[in-house]
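J.: predicted model and sequence below, questions to follow.
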Amino acid sequence: MLLVMPPSRRPLRVLHTADVHLDSDGGGNPGQRAAHHEHGRRVFQRIVDRALTDKVDLLLIAGDLFDHNRVPDETVAFVRTELERLRQAVVILPGNHDSLRTNAIYDRHDFTAGASHVHVIRRMNGETIDFPELDVVVWGRAMEEHEPGFRPLADIPGRDDRRWCLAMAHGFFYEARQRPERSSPIFADEVRDTGWDYIALGHQHVLTNVSQGRVAAYYAGAPLIEWGGGHPEGTVLRIDFSAEDGIRVQPRPLD
C-alpha cells in the first residue's frame, strides 16, 4: 500500500506586533502631544526596520495600529509610506481603537491600493488569507463593536495540515470559562481547541504567553511603553516555524 504523505511545510519567519496606537495624545500640552505623536511614528518605523533586518516572511499587526478612527490623512500617508518599504506580506487586524465602525479609518482609506502585499481583515464573521508561496494561512475576525458579545475566535475554521495556520485576535484573555466582565473575551479553551499553530494576540500591553496545549498564543505587548519608568520602546515578537524544530518565539528589541 502506497502512503502519500503531505509535503513538508517550508520554514517560516513572522513578526508579530500590536497596540502601536499611532496618534495617541498621551496627555500634556499641544507641544508634548506633538512630540508624543512623532515618537510613536519613530516606533512604527523601527517595527518596519526590524521586519527588514530580521528578513521575516510576514508581518502581523494584531489590532490598534491607530489609537482612534479620527487620525488625519497625514498619519495614514505615513503608514502607507512605511509599509511600502516592505515586500513581505502584511496582515492588519482592526482592534477596539480602530474598529470597523461606520466611517472607520479602514473604510475611508484603502491600504491595499497599490500595495498588493498589504491585507486588512474586514469580514465580521472571519476570513482566511492564503499565502501559498509561504505555506501559510492567516485567519482573523474583524471587530465592529468592542463589547462582551464579540468573540474574537468565534467561527474559526479547522486547521489545514498542509499549511502553517496562524490566527489573529484582539481582546481580553480568560483562563476559565465565565460570564465575561470585559469586552471581546478570548477563553483559554477556545485557544486550545483551535488546534492552530500560533495565535497572534493584541489588546494587552504587556508581552504575555497564554499558550494552551499545543497551540502557541502570545500577546506581543505594546511596543511603546510609557509607564513604570521603563524604556520608552518595547519589543516585538519574532516567531520561527520549522517542521523539524517546531515553533520558537523570541522577543526582538526595537533598536
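T.: Yep, it's here.

J.: tell me which element Ala167 falls in.
T.: Using DSSP states H and E, Ala167 maps to strand 164-170.

J.: can I get that strand in PDB? Just the C-alpha atoms.
T.: Coordinates of each C-alpha in strand 164-170 appear next as PDB, following Å, rounded to 0.1, in the frame of the first residue of the first chain:
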ATOM      1  CA  TRP A 164       1.200  26.800   8.800                       C
ATOM      2  CA  CYS A 165      -2.100  28.000  10.500                       C
ATOM      3  CA  LEU A 166      -1.900  31.400  12.100                       C
ATOM      4  CA  ALA A 167      -4.800  33.300  13.700                       C
ATOM      5  CA  MET A 168      -5.100  36.900  14.900                       C
ATOM      6  CA  ALA A 169      -7.400  38.100  17.700                       C
ATOM      7  CA  HIS A 170      -7.800  41.300  19.700                       C
END
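
J.: ranges for the helices of the stretch 101-250 of the chain?
T.: With DSSP state H, counting those that start in this stretch as the definition, the stretch 101-250 of the chain shows helices at residue ranges 105-108, 188-194.

J.: now the longest helix along the chain - C-alpha only, PDB.
T.: Counting by DSSP state H, the longest helix found in the chain is helix 30-53. Taking only C-alpha atoms (Å, rounded to 0.1, in the frame of the first residue of the first chain), the coordinates of helix 30-53 have been written out as PDB:
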ATOM      1  CA  PRO A  30       0.000  70.700  22.500                       C
ATOM      2  CA  GLY A  31       3.700  70.600  22.200                       C
ATOM      3  CA  GLN A  32       4.000  67.500  24.300                       C
ATOM      4  CA  ARG A  33       1.300  65.800  22.300                       C
ATOM      5  CA  ALA A  34       3.000  66.600  19.000                       C
ATOM      6  CA  ALA A  35       6.300  65.100  20.400                       C
ATOM      7  CA  HIS A  36       4.400  62.100  21.500                       C
ATOM      8  CA  HIS A  37       2.900  61.600  18.000                       C
ATOM      9  CA  GLU A  38       6.300  61.900  16.500                       C
ATOM     10  CA  HIS A  39       7.800  59.400  18.900                       C
ATOM     11  CA  GLY A  40       5.000  56.900  18.000                       C
ATOM     12  CA  ARG A  41       5.900  57.300  14.400                       C
ATOM     13  CA  ARG A  42       9.600  56.600  15.100                       C
ATOM     14  CA  VAL A  43       8.500  53.400  16.900                       C
ATOM     15  CA  PHE A  44       6.500  52.200  13.900                       C
ATOM     16  CA  GLN A  45       9.500  52.900  11.600                       C
ATOM     17  CA  ARG A  46      11.600  50.700  13.900                       C
ATOM     18  CA  ILE A  47       9.000  47.900  13.600                       C
ATOM     19  CA  VAL A  48       9.300  48.100   9.900                       C
ATOM     20  CA  ASP A  49      13.100  48.300  10.200                       C
ATOM     21  CA  ARG A  50      13.000  45.100  12.400                       C
ATOM     22  CA  ALA A  51      10.900  43.300   9.800                       C
ATOM     23  CA  LEU A  52      13.600  44.100   7.200                       C
ATOM     24  CA  THR A  53      16.600  43.400   9.400                       C
END
